[in-house]
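>>> Generate coordinates for the sequence data below:
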Amino acid sequence: MSVDDHIGTVDEAAGDAAVVGVAQQELEARDTGAVGDVAESALPDDGAFEPLAVTARSDGAHTWSGTDMVLGPAAADERVDIADRCLGLRVVLDGDSATGVVVRDLVTGEERDVRARAVVVAADALRTPQLLYASGIRPPALGRYLNDQPQIVYAVRLPDDVVAAHRAVTGRTRDEDGAIVPQSGVSWVPYTDARPFHGQVMQLDASPVPLADGTDVEPGAVVGLGWFCAKDISPDDRVEFTDTAADAYGLPAMRIHYHYSDRDLATIEQARKAVTEAGAAVGVPLDDSPLLLPAGSSLHYQGTTRMGPADDGTSVCDSHSRVWNTRGLWVAGNNVIPTATACNPTLTSVALAVRGARALLEHLGADGRSGPERARPRETGVVRT
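As a prediction, this is how the structure comes out:
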C-alpha cells in the first residue's frame, strides 16, 4: 500500500516559532471499568487492560483534556505573548545562527520580524520540516523517516445488563459537559513484542471524534476499539518539498511518499484478528469486520525532524532537539521522535520537549543573562490559527 499525492489546502498556518517554556500537566488515570474486566479475559497471559490517562475532575468524573489543561497558568503569564492568526513564514538566520522569525498577520496581511535569542519550531510533523525548508535549512534527513501508526477500528455495543448493573451501582450517566460514563471507561491494551500494537477502548459518544450524523447512542452503551500498529521506519517514507510550487500559504508545496512493508501488512492482519477477538469479548459488534483506516488517520505522524546521536545524515537534531549546524534553533513535537511507536505520542513528545527546554535555558543563560532575569527568561510565542 502506498500514498503518493499532493496535499491540498491546509486549514492551519505553517508553524509555531518561539522562544518557549514548557508547561507540564500531570494526568490522572481511572479504573478500567466493565470493559477492562470483560476484555482482559480475551487476552493472552502477557496482556492486560490498563487505564488510559484522562483528566480527573473534583467530583470524580473524568473528561478529555484540551489546550487549556496543557497551557495551564502559562496562558495568563505576563512573560508569554501569544499571537494568534499569524503565519510563520521562515526562520531568520544570521550566518549559522537563528535570530528570529518572519510572520504574517492573517487578518491584516502585514509581515513583521519577531527577533529572539532562540527559536523553537513546533508545527507538527508536516509543517515543521516545511518551515525549515522554506528557511533554507535543509539537512539530508529533513522530511524523511515519516512514521505513522496503521489504525484499525471497531465499534461494539455493550450488553444491556452490563450497562444497567454499573449504572445502578454508580448512579452516574453521562453529564451534559461530557464526562465519561464509568461502565465504558477509557482503557488501553499495552504493546508487547509478540503483539506489536497498542489497543484503546473508549466510550464513543464521549470521544473527541464524533459519531456519524444522525446516530443516536445512549451514553456509555457503545465503545470504540482502536488498535494502533508499530510501523517499519524507512527514509523512503517522507515529505518532499519543492522550490517550484507553493501551497495556499505561499510555502513550499508538499508531496507525501509513504508505503507499508510486508512486515507492516502482517502486523496489520494480526491486529485485525486481535481487535475482532476483543470486540466479541466486550459486546456485540456493530460492523461485520474491523476497518483499516487510510494511512495517516491516526494523526500520530512523527519522525520528519528526528533526533539522533550524531550529525550523520540520518537525523535533523541532536538528543536535546537542537538542529544540527544552526545555533539557537530547536524543533519540538512528534516530529523529533526517532523510533517506531504504537500509542499516543503526546507524553513522549512532552518528555523530549522538557529535555530540549533545559538545553534551551542553558543556551539563554550562556548568552549573557544572569540572576533573576536568567532564571525567568522572556518568552515570545507565535501560534497557528
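
>>> Any stretches of the protein with poor pLDDT?
Within the chain, the stretches falling below the threshold (pLDDT under 70) are 1-57, 59-68, 70, 163, 165-186, 205-220, 367-385.

>>> Leaving out the residues flanking it, which one is nearest to residue 86?
Closest residue in space to residue 86, ignoring its immediate chain neighbours: residue 103 at 4.6 Å, by CB to CB, 6 or more residues apart in numbering. The way it works is simple: take the backbone N, C-alpha and C, and place the C-beta from them, glycine included.

>>> just residue 255 next, same as before
The nearest residue in space to residue 255 (CB to CB, 6+ apart) is residue 240, at 4.5 Å.

>>> tell me the secondary structure for that neighbour?
strand (DSSP: H, G, I helix; E, B strand; the rest coil).

>>> Could I get the contacting residues of it?
For residue 240, the contacting residues are 143, 254-257, by CB atoms under 8 Å, 6 or more residues apart in numbering.

>>> Now with 10 Å, please.
If a contact means CB atoms under 10 Å, 6 or more residues apart in numbering, then residue 240 has 4, 6, 129, 133, 143-144, 146, 252-257 as its contacts.

>>> circling back: how close does the residue nearest to residue 86 sit to residue 243?
21 Å (CB to CB, to the nearest Å).

>>> Then residue 334?
Residue 334 is 26 Å from residue 243, by CB to CB.

>>> More neighbours: the two, which one.
residue 334 (25 against 9; other CB atoms under 10 Å).

>>> Report the spatially nearest residue to that one, omitting neighbours in sequence.
On the basis of CB to CB, 6+ apart, the spatially nearest residue to residue 334 that is not a chain neighbour turns out to be residue 302, at 4.3 Å.

>>> burial measure for the one you found, as a count.
Other residues within reach of residue 302, judged by other CB under 10 Å, total 27.

>>> right, and it touches residue 343 too?
No - here residue 302 does not reach residue 343: they are 11.5 Å apart, not a contact under CB atoms under 10 Å.

>>> Now do the same contact list for the residue nearest to residue 334.
By CB under 10 Å, 6+ apart, the contact set of residue 302 is 124-125, 145-149, 231, 233, 333-341, 345, 348-349.

>>> buried subset of those?
Judged by neighbour count, with 16 or more other CB atoms under 10 Å as the criterion, the buried members of the contacts of residue 302 are 124-125, 145-149, 231, 233, 333-338, 341, 345, 348-349.

>>> Identify those among these that sit within helices.
If you go by DSSP state H, the buried ones among the contacts of residue 302 have 124-125, 348-349 in helices.

>>> of those, closest to residue 201?
Top of the list for closeness to residue 201, among these and by CB to CB, is residue 348 at 21.2 Å.

>>> That closest one and residue 193: what is the separation?
Separation of residue 348 from residue 193 (CB to CB) stands at 19 Å.

>>> circling back to that earlier point, could you check how far the residue nearest to residue 255 is from residue 137?
Shown here: residue 240 relative to residue 137, a distance of 16 Å by CB to CB.

>>> One more: residue 249?
According to CB to CB, residue 249 and residue 137 sit 18 Å apart.

>>> So which of the two has more stuff around it?
Applying other CB under 10 Å to residue 249 and residue 137 shows that residue 137 carries more neighbours, namely 24 against 18.

>>> Look up the closest residue to that one, ignoring the ones flanking it.
Across the structure, with CB to CB, 6+ apart as the measure, the residue nearest residue 137 apart from its sequence neighbours is residue 326 (5.9 Å).

>>> Determine the number of other residues adjacent to that neighbour.
As a burial measure, the neighbour count of residue 326 was computed by other CB under 10 Å and equals 21.

>>> can I assume it is in contact with residue 98?
Yes - taking contacts as CB under 10 Å, residue 326 lies within contact range of residue 98: 5.8 Å.

>>> so what sits against both of these two?
Joint contacts of residue 326 and residue 98 (CB under 10 Å, 6+ apart) are 91, 119, 135, 137.

>>> Okay, and residue 141 sits in which element?
Assignment of secondary structure by DSSP states H and E places residue 141 within no helix or strand.

>>> Just give the number of residues close to it.
24.

>>> pretty sure it is touching residue 315, no?
Yes - the pair residue 141 and residue 315 qualifies as a contact (CB under 10 Å) at a distance of 5.4 Å.

>>> mind listing what's buried in stretch 288-306?
Within stretch 288-306, the residues that qualify as buried by neighbour count (16+ other CB under 10 Å) are 290, 292, 295-296, 298, 300-306.

>>> Report the two of those residues separated the most.
Going by CB to CB, the pair spanning these furthest: 290 and 305, at 32.6 Å.

>>> returning to that earlier point: relative to residue 204, how far out is the residue nearest to residue 255?
Looking at residue 240 against residue 204, where the rule is CB to CB, the gap reads 36 Å.

>>> and what of residue 158?
Between residue 158 and residue 204 the distance, using CB to CB, works out to 11 Å.
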